[in-house]
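K.L.:
would you be able to build a 3D model of this:
(chains A and B)
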Amino acid sequence: DVKVTQSSRYLVKRTGEKVFLECVQDMDHENMFWYRQDPGLGLRLIYFSYDVKMKEKGDIPEGYSVSREKKERFSLILESASTNQTSMYLCASSFVVAPYEQYFGPGTRLTVT
Amino acid sequence: AQKITQTQPGMFVQEKEAVTLDCTYDTSDQSYGLFWYKQPSSGEMIFLIYQGSYDEQNATEGRYSLNFQKARKSANLVISASQLGDSAMYFCAMREGGGGATNKLIFGTGTLLAVQP
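P.N.:
Reported below is the predicted structural model:
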């Protein structure tokens, strides 16, 4: 069965802390994605990776970085968390070839105080 | 610029009735794909249905069908015989371009569906 897991469902951090969100997939997918979801804004792409050590910025990369050292693992890093990064973070993965659907993890609800 | 528009922030439907969730898209690509995802209150995004731009038939998956009207750039989701478990947020999404390494999706803002007994 297809599986994408995220390290935490809920996370509370303080302003200025460095935050790591981990995502692991077991489907041997080439592509991995990080989104943030905010009410009324839908899902917005932060970063994606199409191969190990390869990454590209999405629509809202400011304040975030990513790491992909192994094919199955994609990490999102908040270098210095701020209150406006309070959000739901969703990780997804997909194959490069059709049918292209992305499989999502359960999400991490991050609160920065 | 590529864009997905969902104009219905929220909808109600009676149990066992059919409901249509609207989605329009904007793209200059000839090859693209359209997806619908369901997000229950638990938060996980569940893939429902996919339509490729070159697919001649409308996609169907069980009680879900996608009403694809290419000339109007619309890709509405039809749920037949609504069930209480269909209450969720529904997102329309479009894959940019003809495939390849990136396969990025652009999402709409979602429609919150409430099924009433």
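K.L.:
can you tell me the residue of chain B closest to chain A?
P.N.:
Going by CB to the nearest CB, chain A is nearest to B:M45 of chain B, at 3.8 Å. Using the backbone N, CA and C atoms, a C-beta is placed for each residue, glycine as well.
K.L.:
which non-adjacent residue is nearest residue 21?
P.N.:
Reading this off chain A. Distance criterion CB to CB, 6 or more residues apart in numbering or on different chains; nearest residue to A:L21, sequence neighbours excluded, is A:L76 at 4.3 Å.
K.L.:
that was the other one, I meant chain B.
P.N.:
For B:L21, the spatially nearest residue (CB to CB, 6+ apart) is B:L77, at 4.5 Å.
K.L.:
residues contacting the one you found?
P.N.:
Applying CB atoms under 8 Å, 6 or more residues apart in numbering or on different chains, we find B:L77 in contact with B:20-21, B:23, B:36, B:48-49, B:64-67, B:90, B:92.
K.L.:
model confidence over stretch B:29-49, on average?
P.N.:
For stretch B:29-49, mean pLDDT is 93.
K.L.:
quick check, B:S82 in a helix?
P.N.:
No - read with DSSP: H, G, I helix; E, B strand; the rest coil, B:S82 is coil and lies in no helix.
K.L.:
pretty sure it is touching B:V13, no?
P.N.:
Yes - taking CB atoms under 8 Å as the definition, B:S82 is a contact partner of B:V13 at 4.9 Å.
K.L.:
identify the contacts common to these two.
P.N.:
Shared contacts of B:S82 and B:V13, counting by CB under 8 Å, 6+ apart, come down to B:19, B:115.
K.L.:
hang on, the earlier thing: these two touch, right, the residue of chain B closest to chain A and B:Y90?
P.N.:
No - the criterion here is CB under 8 Å, and B:M45 misses it with B:Y90 at 10.4 Å.
K.L.:
show me the common contact partners of those two, please.
P.N.:
Common contact partners of B:M45 and B:Y90 (CB under 8 Å, 6+ apart): B:37-39.
K.L.:
next one: the residue nearest to A:K70 when sequence neighbours are not counted from A:K71, what distance?
P.N.:
The shortest distance from A:K70 to any non-neighbouring residue, by CB to CB, 6+ apart, is to A:V52 (6.5 Å). Relative to A:K71, A:V52 is positioned 5 Å away (criterion: CB to CB, to the nearest Å).
K.L.:
go on, B:N67?
P.N.:
Distance, B:N67 to A:K71, by CB to CB: 37 Å.
K.L.:
the residue nearest to B:L21 pairs with what?
P.N.:
Under DSSP bridges, the beta-bridge partners of B:L77 are B:L21, B:L66.
K.L.:
the shared contacts of B:M45 and B:Y90 in strands, which ones?
P.N.:
Judged by DSSP state E, strands contain the following of those: B:37-39.
K.L.:
still on that earlier bit, going by neighbour count, which of the shared contacts of B:M45 and B:Y90 comes out on top?
P.N.:
When neighbours are counted by other CB atoms under 10 Å in any protein chain shown, B:Y37 leads the shared contacts of B:M45 and B:Y90 with 25 neighbours.
K.L.:
so how far is A:I46 from A:I60?
P.N.:
The gap separating A:I60 from A:I46 is 6 Å, by CB to CB.
K.L.:
any residues in contact with both of these two?
P.N.:
A:R36.
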